[in-house]
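> any chance you could fold what I've pasted below:
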Amino acid sequence: MGEPPKTLTRQHFDLASFRQRSNGRAAWQLLVTLVPVALLWAVIPHLMATAALQWLMLPVLALLVLFSARTFSLMHDCGHNSLWSSSWLNRVTGFLLGCLNAVPQYPWSRGHAYHHKHNGNWDLYRGPSSLLSVDQFLQLPPGAQRRYAIIRHPLMLFPGGFFYLVVRPRLQLLLGLVELASAVIAELWRRPLNGWTAWRAFFHGYQSSHWYTWGEFLDLLLNNLVVLSSWWWMVHWLGAGLFWVCYSLVMSCSAAIFICVFFVQHNFQGSYANGSDGWSYFKGAIEGSSNLVLPPILNWFSADIAYHSVHHLCERIPNYRLRDCHRAHAHLLTHCTYLSLSDIPRCFDLILWDSVGLRLLSIREALGRSLQVQNPEKSRRSDGIYGVWGSGWRIGRCRDQDLFSGQDWLFIGLGLILLTSHPDSAFDRADGQHRVDLSLVTDGAGHGLVALGCQGIAAQHRPEGEQGELELLPGVH
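Residues are numbered from 1 along each chain as shown. So this is what the prediction gives:
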């Protein structure tokens, strides 16, 4: 194996040897995934009927979440035409797994193929969260900045995941049909469509804002028919309350898992974040895709999608060969990014694209840099807590959070609320042992930094007439 070459290219990888698809392995993967899903759902009414066994509902639902995430990963393979050797089998299996996940697989796979084609080109693809560039974010009013940050908070994965799987496809079909009916009525009002040729020409030229092709529309329509029918049957079997509680929890949590995995595999510190100029597909795969270091059981439930660099080098490699491919080329992948579970939370800070520096950064860093450019003397930070007010969603970490008591944190929370409506104010609290100060630096555009200090590390507001300026006391520079 030896050392990796100085200039690494795709030609250094033997990917063709790992593209062979095995129908036997595909069938086994589906068997050991779908049978447990059916059995877990089947046992739910029996557990609920016996009071002594109801505590088992929690592990049953947890297993359903993991198996649901696995079915999504297998559906993902079908979209790449890599699970079975037959394109027809991949298409049918993908559709059925899409129904199980309540998402139309064909439109999803086409959108996912666009991601693979443009990964690392942030001019064309901004990920599932539709991230903004720093310039776009700074042009937003403060309220819109806060909404942007809140929507992309990790906790929003759960309601967002539920919307993504359960609500959005139904809404797409409904709005798309209303839009289509409106277009037909408008066309008939403008001129009558006589004969099949005229109607065919109309539908051929029609472009919906909810699907790109009629093939996508057909998949969306059939998916909704199957999913809605399955909901109706499950409600009659389990009862509306039990079904929707279990189903909502499973879908929300499983969606949160695979959206989280997808996000952190492309949004991480040092990720390749180029524009269209000079963009490289190979760098997008190697430098713009992270590899997750997971326990073996989680690798199984995620169908080895953790080996993401080789997956982006060749999406036709089946999930059951990704691990072998990665290990065979491990000496070429030493400079790739590897993330452990403990690294994941930090990735969710990186929700802005610096189109000049070609990197991902946090709202705090973007706003801090903006203030430093406009007011370099005001951007010095104290040794206490330091946070971004313009983002409206978090306070930065304190170097020693033990300095703050529970009453201090209550004061800080109330102070932040007051600063929302009184940005010219400063607040302090003292108990004879230590002092907590809270102030806001503003830049005239609604952005600002909340500065807090404790035990001599303090922030003081300047007199009226010099609004929004922060004077750092001795010892806090």
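> for the residue nearest to residue 112 when sequence neighbours are not counted, list the residues it contacts.
Using C-beta to C-beta, 6 or more residues apart in numbering and skipping residues adjacent in sequence, the residue nearest residue 112 is residue 79, 5.8 Å away. Every C-beta, even on glycine, is put in place using the N, C-alpha and C of the backbone. Residue 79 makes contact with 90, 94, 105, 108-109, 112-113, according to C-beta atoms under 8 Å, 6 or more residues apart in numbering.
> likewise for residue 175?
Neighbouring residues of residue 175 by C-beta under 8 Å, 6+ apart: residue 210.
> in which helix or strand would I find it?
helix 168-190 (DSSP states H and E).
> show me how to select, in PyMOL, the buried members of the contacts of residue 79.
Buried subset of the contacts of residue 79, written as a PyMOL selection, criterion 16 or more other C-beta atoms under 10 Å:
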select buried, resi 90+94+105+108+109+112
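> can you tell me the SS state at residue 352?
strand (DSSP: H, G, I helix; E, B strand; the rest coil).
> run a quick neighbour tally on it.
27 (other C-beta atoms under 10 Å).
> what pLDDT does it get?
Per-residue pLDDT puts residue 352 at 95.
> and the one 3 residues further on, by the same measure?
The model reports residue 355 with a pLDDT of 93.
> same check, this time on the one 4 residues further on
Note on residue 359: pLDDT of 94.
> what's across from it in the sheet?
residue 354 (DSSP bridges).
> buried residues, the helix holding residue 175. List them.
169, 172-173, 176, 180.
> same check on stretch 50-61?
Under the neighbour-count criterion of 16+ other C-beta under 10 Å, stretch 50-61 has 57, 60-61 buried.
> inside helices: which ones of the residues you listed?
Using DSSP state H, 57, 60-61 are the members of the buried residues of stretch 50-61 that sit in helices.
> any chance of those in TSV with pLDDT and distance to residue 198 as columns?
Compiled in TSV, those are given as follows (pLDDT from 0 to 100; distance: C-beta to C-beta, whole Å):
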residue	pLDDT	distance to residue 198
57	97	58
60	98	56
61	98	54
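> any idea which of the residues you listed is closest to residue 202?
Distance to residue 202, by C-beta to C-beta, is smallest for residue 61 among those, at 48.1 Å.
> how far away is that closest one from residue 165?
Distance, residue 61 to residue 165, by C-beta to C-beta, to the nearest Å: 16 Å.
> so what pLDDT did residue 292 get?
Predicted confidence (pLDDT) for residue 292: 97.
> what's the neighbour count on the residue nearest to it when sequence neighbours are not counted?
Residue nearest to residue 292 in three dimensions, not counting chain neighbours: residue 306, with 3.8 Å by C-beta to C-beta, 6+ apart. As a burial measure, residue 306 scores 21 neighbours (other C-beta under 10 Å).
> for residue 306, phi and psi?
Main-chain torsions, residue 306, degrees, to the nearest 10: phi -60, psi -30.
> correct me if wrong: it contacts residue 295.
No - judged on C-beta atoms under 8 Å, residue 306 makes no contact with residue 295 at a distance of 10.2 Å.
> name the helix or strand for residue 143, please.
Element membership for residue 143 (DSSP H and E) is helix 142-151.
> now do residue 128
Counting by DSSP H and E, residue 128 is part of no helix or strand.
> let's number from 49 now, not from 1
Shifting the count to begin at 49 puts that one at residue 176.
> now do the same contact list for it.
With contact set as C-beta under 8 Å, 6+ apart, residue 176 has these partners: 307, 310-311.
> rewinding a little: can you tell me how far the residue nearest to residue 340 is from residue 389?
Here residue 354 is placed at a distance of 11 Å from residue 389 (C-beta to C-beta).
> overlap in contacts of the two?
Residues touching both residue 354 and residue 389 by C-beta under 8 Å, 6+ apart: 341-342.
> tell me the secondary structure of the nearest residue to residue 115 once chain neighbours are set aside, please.
Nearest non-adjacent residue to residue 115, counting by C-beta to C-beta, 6+ apart: residue 85, 4.9 Å away. Of the three states, residue 85 takes helix under three-state DSSP.
> can you pull the pLDDT of residue 85?
The model reports residue 85 with a pLDDT of 98.
> please apply the same query to the one 3 residues further on.
With respect to pLDDT, residue 88 scores 98.
> and if you look at residue 431?
Note for residue 431: predicted pLDDT of 35.
> before we move on, what about residue 253?
The per-residue pLDDT of residue 253 was computed as 86.
> ok, back up a step: return the distance of the helix or strand following the helix holding residue 191 from the chain's centre.
Where DSSP H and E defines the elements, the next helix or strand beyond helix 190-199 is helix 205-210. Its chain's average C-alpha position is 10 Å from that of helix 205-210, according to C-alpha atoms, centre = their mean, to the nearest Å.
> what of stretch 197-213?
Here stretch 197-213 is found 8 Å from its chain centre; the criterion is C-alpha atoms, centre = their mean.
> which parts of it are buried?
Under the neighbour-count criterion of 16+ other C-beta under 10 Å, stretch 197-213 has 197, 200, 204-206, 208-210, 212-213 buried.
> where are the low-confidence patches of the stretch 99-248 of the chain?
For the stretch 99-248 of the chain, no stretch has pLDDT under 70.
> which parts of the stretch 49-198 of the chain are strands?
In the stretch 49-198 of the chain, the strands defined using DSSP state E, counting those that start in this stretch lie at 180-181.
> which parts of it are helices?
Assigned by DSSP state H, counting those that start in this stretch, the helices in the stretch 49-198 of the chain fall at 71-97, 105-127, 135-148, 153-166, 182-186, 190-199.
> let's have the ones you listed in TSV, adding distance to residue 65.
As requested, the helices of the stretch 49-198 of the chain are exported to TSV (distance: least, C-beta to C-beta, whole Å):
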stretch	distance to residue 65
helix 71-97	16
helix 105-127	18
helix 135-148	21
helix 153-166	21
helix 182-186	43
helix 190-199	43
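> and the ones you listed: which comes nearest residue 417?
Distance to residue 417, taken as C-beta to C-beta, is lowest for helix 182-186 among the helices of the stretch 49-198 of the chain, at 8.1 Å.
> show me what counts as buried in the closest one.
Buried, per 16+ other C-beta under 10 Å, within helix 182-186: 182, 185-186.
> same for that helix, what does it pack against?
Helices and strands touching helix 182-186, as assessed by 3 or more C-beta pairs under 8 Å, 6 or more residues apart in numbering; DSSP states H and E, comprise strand 398-402, helix 411-422.
> which of these comes out lowest on mean pLDDT?
helix 411-422 (a mean of 75).
> show me what contacts residue 398?
Going by C-beta under 8 Å, 6+ apart, residue 398 touches 315-317, 319, 408-410.
> and which of these is nearest residue 271?
When those are compared for distance to residue 271 (C-beta to C-beta), residue 315 wins out at 28.5 Å.
> so the closest one sits in a strand?
No - counting by three-state DSSP, residue 315 is not part of a strand but coil.
> for it, the count of nearby residues, please.
22.
> who touches residue 220 in this structure?
With contacts defined as C-beta under 8 Å, 6+ apart, the neighbours of residue 220 are 258-259, 268.
> quick one: it from residue 265, how far?
Residue 220 sits 10 Å away from residue 265, taking C-beta to C-beta as the criterion.
> make JSON lines out of the buried residues of helix 182-186 and add distance to residue 254.
Below are the buried residues of helix 182-186 laid out as JSON lines (distance: C-beta to C-beta, whole Å):
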{"residue": "182", "distance to residue 254": "38"}
{"residue": "185", "distance to residue 254": "36"}
{"residue": "186", "distance to residue 254": "39"}
